[in-house]
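[1] this is a predicted model, with the sequence first.
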Amino acid sequence: KLDKAATAADDSERMSKVLQNKSEDDEKRMESLEEDLKKARTKAEDADTKYEEVAKRLAQCETDLERAEERADTGETKISELEEELRVVANNLKSLEVSEEKANQREQSYKEQIKTLTAKLKQAEARAEFAEKSVQKLQHEVDRLEDELVAETEKYKAITEELELTFAEMSGY
């Protein structure tokens, strides 16, 4: 019986040591698992923080994208308006170029007319100057002839009076 009790005690002691070793291993394992759990919680918290930051950045990017799309739409509208305005300006420019060409042609025509009229004016002025000189000469001639006529008329009157006196004297005798 003692042998059995000693064997049982040895078994119990071995079992106790095994359980104690197992308990120590379990404690070490628990400590390791708790450490791993702490690390996992830290990683999860870091991941949550990063997720929130990324979510904020994503929301900001979406807002920026919406603004950019609005600006792009506004820009495209402005581009369309400017393209239409450019077409109108181009048409106006073509019209102005045609008008300028016509104006240049008219200007050239007017210059030719001015040259022609200037030449005619010079000729007319020359003729007028000649005519004025001729008129002056003729006026001098007319004045001279009028003076001569007056003188001849006076001579005629004097001769007529003398003849009448002579007829009167002849008749009276």
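    Cool, got the structure.

[2] what is the mean pLDDT for the helix or strand harbouring residue 27?
    Using DSSP states H and E, residue 27 falls within helix 2-172. Summarised as a single mean, pLDDT over helix 2-172 is 93.

[3] now that helix, how far from the centre of its chain.
    0 Å (C-alpha atoms, centre = their mean, to the nearest Å).

[4] begin at 781 from here
    Shifting the count to begin at 781 puts that one at helix 782-952.

[5] quick one: residue 877 from residue 944, how far?
    Noted for residue 877: a distance of 94 Å to residue 944, by C-beta to C-beta, to the nearest Å. Every C-beta, even on glycine, is put in place using the N, C-alpha and C of the backbone.

[6] residue 853 too?
    For residue 853 relative to residue 944 (C-beta to C-beta), the value is 125 Å.

[7] what do you get for residue 901?
    From residue 901 to residue 944 the distance is 60 Å (C-beta to C-beta).

[8] equivalent analysis for residue 899, please.
    Going from residue 899 to residue 944 by C-beta to C-beta gives 64 Å.

[9] what's the answer for residue 855, then?
    Distance from residue 855 to residue 944, by C-beta to C-beta: 121 Å.

[10] go on, residue 896?
    Distance from residue 896 to residue 944, by C-beta to C-beta: 67 Å.

[11] next: residue 887.
    80 Å.

[12] do the same with residue 852
    Taking C-beta to C-beta, one finds residue 852 at 126 Å from residue 944.

[13] residue 833 too?
    In terms of C-beta to C-beta, residue 833 sits 150 Å off from residue 944.

[14] now residue 837
    145 Å.

[15] send the alpha carbons of stretch 875-890 over as PDB?
    Below are the C-alpha coordinates for stretch 875-890, written out as PDB (Å, rounded to 0.1, in the frame of the first residue of the first chain):
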ATOM      1  CA  SER A 875     -16.400  91.800 -93.700                       C
ATOM      2  CA  LEU A 876     -14.100  94.600 -92.700                       C
ATOM      3  CA  GLU A 877     -11.400  93.300 -95.000                       C
ATOM      4  CA  VAL A 878     -13.900  93.300 -97.900                       C
ATOM      5  CA  SER A 879     -15.000  96.800 -96.900                       C
ATOM      6  CA  GLU A 880     -11.400  97.900 -96.600                       C
ATOM      7  CA  GLU A 881     -10.600  96.600-100.100                       C
ATOM      8  CA  LYS A 882     -13.700  98.400-101.500                       C
ATOM      9  CA  ALA A 883     -12.600 101.500 -99.700                       C
ATOM     10  CA  ASN A 884      -9.100 101.200-101.100                       C
ATOM     11  CA  GLN A 885     -10.500 100.800-104.600                       C
ATOM     12  CA  ARG A 886     -12.800 103.900-104.100                       C
ATOM     13  CA  GLU A 887      -9.800 105.800-102.600                       C
ATOM     14  CA  GLN A 888      -7.700 104.900-105.700                       C
ATOM     15  CA  SER A 889     -10.600 105.900-107.900                       C
ATOM     16  CA  TYR A 890     -11.000 109.200-106.000                       C
END
